[in-house]
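**Student:** show me how the following folds:
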Amino acid sequence: MLKNRIYYQVKPYLPWRFRMGLRRFFARKTLQANKDVWPINRAASEPPEGWPGWPTGKKFALALTHDVEGARGLARLRQLMELEIKLGFRFSFSRIRWITLVC
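**Tutor:** Got it, this is the predicted structure:
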């Protein structure tokens with residue numbers, strides 16, 4: 001958590017190429033640490049005991065999340081929200097620092 005907080009504080013001052021290198025480095029570490037369970041954790045293939053299933057017999061759920069950063073992302077936010085509402089999706093937004101949304 002502290003690493004993320006520090007990263008997002010200095011991110012605006014880091015060159016794009018350097019940031020991408022950091023992301024690749026940490027992605028490789030994460031992949032190595034999870035190589036025995038990724039991409040599919042076999043232990044998660046069975047529903048939890050007592051779980052009644054998805055409502056109305058649905059087979060799966062889809063989670064839509066958006067990590068919104070900067071003025072350009074914020075400028076496009078309303079359009080994205082309207083599109084997803086029109087298509088019947090529920091969604092969540094993360095890292096919105098300048099505005100509060102109620103969806």
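
**Student:** for the rest of this, base every contact and every neighbour count on C-alpha atoms.
**Tutor:** OK.

**Student:** dihedrals phi and psi, the residue most central in space within the chain?
**Tutor:** Nearest residue to the geometric centre of the chain (CA atoms, centre = their mean): residue 65, 5.0 Å. The phi/psi pair for residue 65 (degrees, to the nearest 10) reads phi -130, psi 150.

**Student:** what mean pLDDT does the helix or strand harbouring residue 7 have?
**Tutor:** Taking DSSP states H and E as the definition, one finds residue 7 inside helix 2-10. In this model, helix 2-10 has a mean pLDDT of 87.

**Student:** returning to what we had before: from memory the residue nearest to the centre of the chain sits against residue 89, does it?
**Tutor:** No. Applying CA atoms under 8 Å as the test, residue 65 and residue 89 come out as separate, 10.9 Å apart.

**Student:** touching, residue 63 and residue 91? I think so.
**Tutor:** Yes. Counting by CA under 8 Å, residue 63 sits close enough to residue 91 to count as a contact (7.2 Å).

**Student:** which one of those two is surrounded by more residues?
**Tutor:** Higher neighbour count among residue 63 and residue 91: residue 91, with 14 against 8, using other CA atoms under 10 Å.

**Student:** tell me, how many residues neighbour the residue nearest to the more buried one when sequence neighbours are not counted?
**Tutor:** Counting by CA to CA, 6 or more residues apart in numbering, residue 91 lies nearest to residue 64, which is 5.1 Å off, once chain neighbours are set aside. Residue 64 is flanked by 11 other residues according to other CA under 10 Å.
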